[in-house]
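J.: 3D, please:
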Amino acid sequence: MNLNIPNLLTWLRILLIPVFVTAFYLSDSTLSPHLKNLVATGVFILAAVTDWLDGYLARKWNQTSAFGAFLDPVADKLMVAAALILLVKLGRADAVIAFIIIGREITISALREWMAKIGSSKSVAVSMLGKIKTTFQMLAITLLLYHENWSGMDTQMVGSVLLYMAALLTLWSMGYYLMLAKQQLEKI
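T.: This next block holds a predicted model:
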């Protein structure tokens, strides 16, 4: 395992998950609901920034590695899954939407792993559609975690709309990746 700065940032993202989740399990006398929202939102934003930063630094410093390529998407999926499960528990997100997003992540991860094993990983590389889906998803989760009006904006309503849009993009991108892998899938 190569412990360079990009990989350490990825590990940091994983270590932030319990901090993020714990904020909502503290009593209201320990941490007010307002501070719970702020802490969780801040940790989630920090995780999103480190996700971008670790990839940028790995490419810039030529520190990409097989381990980093494996760990980075795992860290992303763990953080998103933890956030969605937490939002469902808090009544801020629909369980069906969370299932669609988490189910897609598991499906596409398995597809990418299988395609890599048969030497066709480039055919299911991350696309612009996947990046747009991720942007909607991250914005939605951030707003739903914050859960308070911000400059007159109802973050719950806007976050919910963005999460539904992310779910639609999730299904669309899953179909897109499955179409890219169709030729290999037909050989099974």
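J.: Leaving out chain neighbours, which residue sits closest to residue 108?
T.: With C-beta to C-beta, 6 or more residues apart in numbering as the criterion, residue 108 has its nearest non-adjacent residue at 5.5 Å, and that residue is residue 177. Every residue, glycine included, has its C-beta placed from N, CA and C.
J.: Give the rounded mean pLDDT of the helix or strand containing the one you found.
T.: Per DSSP states H and E, residue 177 falls inside helix 155-180. Averaging pLDDT along helix 155-180 gives 93.
J.: Check stretch 21-32 too.
T.: On average, stretch 21-32 scores 93.
J.: now stretch 47-65
T.: For stretch 47-65, the per-residue pLDDT averages 90.
J.: residues making contact with it?
T.: 2, 4-7, 9-10, 12-13, 16, 20, 68, 72, 75-76, 79, 138, 142 (C-beta atoms under 8 Å, 6 or more residues apart in numbering).
J.: Give the buried residues for that stretch.
T.: 47-48, 50-51, 54-55, 57-58, 64 (16 or more other C-beta atoms under 10 Å).
J.: circling back to that earlier point, I'd say the residue nearest to residue 108 and residue 109 touch.
T.: No - counting by C-beta atoms under 8 Å, residue 177 stays clear of residue 109, with 10.5 Å between them.
J.: With neighbour numbers in mind, choose between the two.
T.: residue 177 (23 against 13; other C-beta atoms under 10 Å).
J.: can you tell me the helix or strand for residue 15?
T.: Per DSSP H and E, residue 15 falls inside helix 5-25.
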